[in-house]
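Trainee: I would like to see how this sequence folds:
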Amino acid sequence: MHGYIAPLRLRLDGDALVSNWRWLAGASGDAACGAAIKADGYGLGAVGVMRRLLRAGCRDFFVSNWGEAAAVEPLLEEGVGLSVLHGVREEDMRQALGSRARPILCTPLQAARWRAAGGGACDLMVDTGMNRLGLDWRGDLAAATGGLEIATLLSHLASADEDVALNATQRQRFVGIRNAVAAQRYSLANSAGICLGRDYHFDLTRPGLALYGGIPRDQAAGHIRAVVQPQAQVLQRRRLIAGDSIGYNAIFTADRDHEVAILNLGYADGYLRGFSGKGAARHEGERMPLLGRVSMDLIAVDVSARPDVAEGDWMTIDYALPDAAAVSGLSQYELLTGLGARFDRVWE
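Mentor: Numbering: from 1, shown residues only. Reported below is the predicted structural model:
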């Protein structure tokens, strides 16, 4: 709706986004540092993210599918690459053949389809232990990839956020693939993989979570800044009398009088029920707990300590990603990508 100002907004810190990318680029050593902007820039808005990272010097971007590619392709400029992680279906071929984006071929059928169409430069995903997308590392990769012009050969670490033997196993398999299949560049590390050190960096890293304020491993703590700050408007201030309950199923009953702010935020916006009785909001830095259950569109916050909070005021939701993940039981990825369309996204 033209001119509509939503009672929800995401304050997005462009300086923090760029700072995070620069730290990740530095931590990537000699490897180039790209950016995963799939899922609409992890919920922030892929176009806004890409514009800012282009200005910062990022030259490699990754989306999931061709719909996402179409949304950001107008931003492509000379020397900038855009890769589509899910490859190319038959339904995608017309768009893909006319696009400046490259498919990351994931199956023998996709490779054959691209080769038969004379599709030109492509990327290739080889599975080294995730058992998700990609050609099997144990297969005849030379036969499957013959005749392809491979710009970047990729694999994906399954457990880079943990200290497990699978990390070294996948790296070892990837080295074998690098020696067997010719490509211009080789890429293995995501955000957590960057933190595993130079042995995992190869030619190109492709962070996602850490760009947006997530902490993939302890090594990133103190370097990665929060980018996303959800805020919700107070719709009503009311008094909760001792003995009253609040919200669905009356899971909170007051043992004293409370002043309560009802905020325009709920699980339809991605603020899920895992925050019930655990989340919090802030006003001018002061933390105030959530009371009762998160509902579809509303939450209740105890504002007894702040008599100045009134209808129409904005409150900031506690949403530092590692802390919010611990409180809610959700992953940092879910916390970002679940933020809904009803938020105004405001870059600062």
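
Trainee: Ala300: which element?
Mentor: When elements are defined using DSSP states H and E, Ala300 is found to belong to strand 299-302.

Trainee: what residues does that strand touch?
Mentor: With contact meaning CB atoms under 8 Å, 6 or more residues apart in numbering, strand 299-302 is reached by 232, 246-247, 258-263, 265-266, 271, 275, 279-281, 288-292, 315. C-beta: built from backbone N, CA, C; applies to glycine.

Trainee: going through the residues you listed, which ones are buried?
Mentor: Neighbour counting over those (16 or more other CB atoms under 10 Å) leaves 232, 246-247, 258-263, 265-266, 271, 275, 279-281, 288, 290-292, 315 as the buried ones.

Trainee: ok, the nearest residue to Gly79 once chain neighbours are set aside - how many residues close by?
Mentor: Nearest non-adjacent residue to Gly79, counting by CB to CB, 6 or more residues apart in numbering: Arg59, 5.9 Å away. Arg59 sits with 16 neighbouring residues when counted by other CB atoms under 10 Å.

Trainee: who are the contact partners of Arg59?
Mentor: Ala32, Gly34, Gly79, Val80, Gly81 are the contacts of Arg59 under CB under 8 Å, 6+ apart.

Trainee: how far away is the third one from Arg100?
Mentor: Right, Gly79. From Gly79 across to Arg100, the span is 11 Å (CB to CB, to the nearest Å).

Trainee: enumerate every residue touching the closest residue to Asp199 other than its chain neighbours.
Mentor: Closest residue to Asp199 in three dimensions, ignoring its sequence neighbours and counting by CB to CB, 6+ apart: Arg171, at 6.4 Å. Under the criterion of CB under 8 Å, 6+ apart, the neighbours of Arg171 are Leu188, Asp199, Tyr200.

Trainee: most neighbours of all those, which one?
Mentor: Leu188 (31 neighbours).

Trainee: that residue against Phe174, yeah?
Mentor: Yes. Distance between Leu188 and Phe174: 5.3 Å, which falls inside the contact criterion (CB atoms under 8 Å).

Trainee: list the residues that contact both of these two?
Mentor: Both Leu188 and Phe174 are contacted by Ser155, Phe202, under the criterion CB under 8 Å, 6+ apart.

Trainee: just the ones of the contacts of Arg59 in strands?
Mentor: Counting by DSSP state E, the members of those that fall within strands are Ala32, Gly81.

Trainee: got a winner among the contacts of Arg59 for most neighbours?
Mentor: Comparing these by number of neighbours (other CB under 10 Å), Gly34 comes first, having 26 neighbours.

Trainee: angles on the backbone of that one, please.
Mentor: phi -100, psi -160 (degrees, to the nearest 10).

Trainee: so it touches Gly57, yeah?
Mentor: No. With the criterion set as CB under 8 Å, Gly34 and Gly57 do not qualify as a contacting pair; they are 11.1 Å apart.

Trainee: so where do the strands sit in the stretch 101-250 of the chain?
Mentor: Residue ranges of the strands in the stretch 101-250 of the chain, as given by DSSP state E, counting those that start in this stretch, are 102-105, 121-127, 135-136, 149-154, 185-187, 204-205, 228-240, 245-246.

Trainee: and those, which is most packed in?
Mentor: Of all the strands of the stretch 101-250 of the chain, strand 102-105 carries the top mean neighbour count, a mean of 27, counting by mean count of other CB atoms under 10 Å.

Trainee: partner strands of that strand, parallel or antiparallel?
Mentor: Taking DSSP bridges as the criterion, strand 102-105 sits next to strand 81-84 (parallel), strand 121-127 (parallel) in its sheet.

Trainee: what residues does the first one touch?
Mentor: Applying CB under 8 Å, 6+ apart, the set of residues contacting strand 81-84 from outside is 34, 59-66, 68-69, 72-73, 76, 96, 100-104, 123, 151-152.

Trainee: now the residue nearest to Gly79: how far from Ala320?
Mentor: Taking CB to CB as the criterion, Arg59 is separated from Ala320 by 30 Å.

Trainee: got any ranges where the stretch 151-300 of the chain has weak pLDDT?
Mentor: Low-confidence segments of the stretch 151-300 of the chain (pLDDT under 70): none present.

Trainee: close enough to count as contact, Arg113 and Val88?
Mentor: Yes. The pair formed by Arg113 and Val88 meets the contact definition of CB under 8 Å, at 6.7 Å.

Trainee: the two: which is more packed in?
Mentor: Regarding Arg113 and Val88, a neighbour count based on other CB under 10 Å identifies Val88 as having more, with 29 against 20.

Trainee: not counting its neighbours along the chain, what's nearest the more buried one?
Mentor: Residue nearest to Val88 in three dimensions, not counting chain neighbours: Pro103, with 4.0 Å by CB to CB, 6+ apart.

Trainee: how much space between that neighbour and Ile177?
Mentor: Using CB to CB, Pro103 is found at 19 Å from Ile177.

Trainee: what do you get for Leu135?
Mentor: Summarising the geometry, the distance separating Leu135 from Ile177, computed by CB to CB, is 9 Å.

Trainee: what do those two both touch?
Mentor: Common contacts of Leu135 and Ile177, defined by CB under 8 Å, 6+ apart, comprise Val126, Leu141.
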